[in-house]
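Visitor: the following block contains a protein sequence and its predicted model.
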Amino acid sequence: MRIIYEPQGRALEYAPLAVSLYRGCSHGCRYCFVPDALRVTPEEFACDPQPRTYALVKLERDLRMLAGAGDTREVLMSFTTDPYQPIDQKLRLTRAALKLFFAQGINVTTLTKAGLASLRDLDLMVDHPQLCRYGTTLTLTDPKMEEYWEPLAADVFGRIGALWEFHDAGIRTWASFEPVIDPEQTLELIRYCRDAGICDEYRIGKLNHSIMPTRIDHADFLFQVREELKGKQYIIKKDLLRAAGETP
């Protein structure tokens, strides 16, 4: 079985290829779609993350196959877990994986909510800036809402701090503004990243995986996003376009 795969559906809008080195994620985000997809409870998914069996062996095999075929499409780490969740502090699979990517000349991007913990691999990325990008998810600015929705992920200050560090080191950066739980907080984060000049690409979506009702005016929110990001590189997810009454 290949460990690098081609995402389907919504995920395909973010990356042509993806890989997950771990099963489970201890951040415990309330909006996470993965437990439902795996038919496990959120508690089961978050309580005991483990490395996937022979993850690095399979990754090296897949990378050699891609390199041999001349396929250098970017691979995202990761959709279904966080490459820098606490277990990686001990196992360092993400660091080992980055070395494999760079050895084969395959493009890789990380997507994390771990904040400053991800800085431990900055030195590797600095040596290969043409092959890598760093991404973080930005959702909320209110500490109480952060604690409720993303109880064990890094806070917004840690995530933005990491974005600063990677960008200042010459690494291409991007931010995923998804899910949108409170539009005003999302817009505040977009403005901050824009004015600070620490984000090279913005990706904006909506809240999809929650039983809580929302009263978001998606058309107005999308209008404001476009106004704030004039002249910037950004991607609007298809779900947001549809919710705003536009055709993707």
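Guide: Sure, I can see it. A quick note: this is a predicted structure, and the numbers were derived from the prediction, not measured. Residues are numbered from 1 along each chain as shown.

Visitor: CA atoms for contacts and neighbours, from now on please.
Guide: Fine.

Visitor: quick one: contacts for Cys179?
Guide: Actually, residue 179 is Pro. It isn't Cys. Tyr31, Thr139, Gly205, Lys206, Leu207, Asn208 (CA atoms under 8 Å, 6 or more residues apart in numbering).

Visitor: of these, closest to Tyr192?
Guide: Distances from Tyr192 to the contacts of Pro179, taken as CA to CA, are shortest for Thr139 (12.7 Å).

Visitor: thinking again about what came up before, let's have the contacts of Pro179 in JSON lines, adding neighbour count, pLDDT and distance to Thr186.
Guide: Formatted as JSON lines, the contacts of Pro179 follow (neighbours: other CA atoms under 10 Å; pLDDT from 0 to 100; distance: CA to CA, whole Å):
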{"residue": "Tyr31", "neighbour count": "18", "pLDDT": "92", "distance to Thr186": "16"}
{"residue": "Thr139", "neighbour count": "28", "pLDDT": "97", "distance to Thr186": "6"}
{"residue": "Gly205", "neighbour count": "20", "pLDDT": "95", "distance to Thr186": "10"}
{"residue": "Lys206", "neighbour count": "21", "pLDDT": "94", "distance to Thr186": "10"}
{"residue": "Leu207", "neighbour count": "17", "pLDDT": "89", "distance to Thr186": "12"}
{"residue": "Asn208", "neighbour count": "15", "pLDDT": "81", "distance to Thr186": "15"}
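
Visitor: which other residues reach the helix or strand of the chain with the lowest mean pLDDT?
Guide: Ranked by mean pLDDT, DSSP states H and E, the weakest helix or strand in the chain is helix 34-38, scoring a mean of 85. Residues outside helix 34-38 that contact it (CA under 8 Å, 6+ apart) are Thr41, Pro42, Phe45, Thr80.

Visitor: give me the three-state assignment for the last one.
Guide: Taken by DSSP: H, G, I helix; E, B strand; the rest coil, the conformation at Thr80 corresponds to coil.

Visitor: tell me the contacts of it?
Guide: Ser20, Arg23, Gly24, Val34.

Visitor: returning to that earlier point: just give me the closest of the contacts of helix 34-38 to Thr53.
Guide: Relative to Thr53, the closest of the contacts of helix 34-38 is Thr80; by CA to CA it sits at 15.6 Å.

Visitor: per-residue confidence at that closest one?
Guide: pLDDT, Thr80: 92.

Visitor: and Val108, by the same measure?
Guide: Val108 is given a pLDDT of 98.

Visitor: next: Asp239.
Guide: So, for Asp239, pLDDT stands at 93.

Visitor: in a strand, it, correct?
Guide: No: Asp239: not assigned to a strand; according to three-state DSSP it is helix.
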